[in-house]
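S.K.: sequence unavailable; structure follows:
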């Protein structure tokens, strides 16, 4: 059974930085796509960023709201993913979820088969 475990959330002031990590445990797991989503209270889960393999290259995608501030990357083992979050804003406050899929899964949360339990990110003004 595959489990995704996030870490790195916390409380930070506006303008600060956090780095989230997600590691897959369980059986050998090499997903094509790994992604980050977030969900604020009273709102739907929204896409933040994803990274996928295309041949030997990795391709990244970002939501407009985080473009230029967040950077997604994958570990050498390909079953870990990181999200470097800089210039954080209060509107970035949410539970951040890691997701993965063996195929390219895009930006819709329903397309991902594997999910972590989430990590809270709180940005104070």
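M.R.: Everything's here; your move. Predicted, not measured: the structure shown is a model, and the values here were computed from it. Numbering: from 1, shown residues only.
S.K.: contact partners of stretch 88-96?
M.R.: 6, 9, 12, 14-18, 20, 36-40, 43, 48, 65-66, 69, 83, 85, 118-125 (Cβ atoms under 8 Å, 6 or more residues apart in numbering). C-beta here means a position set from N, CA and C on the backbone, and glycine is covered the same way.
S.K.: chain center to it, what's the gap?
M.R.: 13 Å (Cα atoms, centre = their mean, to the nearest Å).
S.K.: just stretch 46-55 next, same as before
M.R.: 9 Å.
S.K.: before we move on, what about stretch 27-34?
M.R.: On Cα atoms, centre = their mean, the centre of stretch 27-34 falls 14 Å from that of its chain.
S.K.: buried ones in that stretch?
M.R.: Of the residues in stretch 27-34, 29, 31, 33, 34 count as buried by neighbour count, 16 or more other Cβ atoms under 10 Å.
S.K.: same thing with stretch 115-125?
M.R.: Result for stretch 115-125 [16+ other Cβ under 10 Å]: buried residues 115, 116, 118, 119, 121, 123.
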